[in-house]
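Student: dropping a prediction and its sequence here:
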Amino acid sequence: MSEKIIYIIDDDPIYQVLINKIIATSGIDYQIVSFKNGKEGLDSLIKAIVSNNNIPEIILLDLEMPIMDGWDFMKNVENLFTSQSGKSDIYIITSSISYEDIERAKTFPEVLGYFPKPIDSNKLLEITRKNNVNKDSSNG
């Protein structure tokens, strides 16, 4: 079985450390790949698809970042997943509690959840469990 991957796309270095510690202490068995902005994450995702490498099972995406924000990332990802590459489950993890952002996130079918920061280990375990159930039922 191939290794499961989580992309953490967030420009906050403190949050990056925090989420890595939460995942490590929660016993969640995923490789963590971190990016400082949406462009880095998108470039890595495109490279994985083009080279037929493992794409991330889960992407935890911040909305407000330099270079490419979460919304621009989502616009680009929408076009990527129309191919036969498979798809990643995307969860927005952000400090924005704006009603407009929450409603906008619902317009992207790839976004399976919208959570305020900081995310805790219970919510992260719920996301990974839900991901395993979704992947198991789509393979059966």
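Tutor: Structure's in. What do you need?
Student: only C-alpha atoms from now on, for both contacts and neighbour counts.
Tutor: OK.
Student: can you list the residues that contact stretch 19-31?
Tutor: Stretch 19-31 is contacted by residues E3, K4, I5, I6, I32, I119, D120, S121, L124, L125, T128 when judged by CA atoms under 8 Å, 6 or more residues apart in numbering.
Student: OK, contacts around the first one?
Tutor: What that stands for is E3. Y30, Q31, N54.
Student: ChimeraX command for the buried members of the residues you listed?
Tutor: Here is the ChimeraX selection string for the buried members of those, based on 16 or more other CA atoms under 10 Å:
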select :30
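Student: surely Y91 meets G70?
Tutor: No - if you go by CA atoms under 8 Å, Y91 and G70 don't touch, sitting 10.7 Å apart.
Student: overlap in contacts, the two.
Tutor: L61.
Student: quick check, I90 in a strand?
Tutor: Yes - counting by DSSP: H, G, I helix; E, B strand; the rest coil, I90 falls inside a strand.
Student: that one bridge partners, please.
Tutor: I59, V111 (DSSP bridges).
Student: residues in contact with it?
Tutor: Applying CA under 8 Å, 6+ apart, the residues near I90 are I58, I59, L60, L61, E110, V111, L112, G113.
Student: how many residues are close by E100?
Tutor: Residues near E100, counting by other CA atoms under 10 Å, number 9.
Student: likewise R104?
Tutor: 11.
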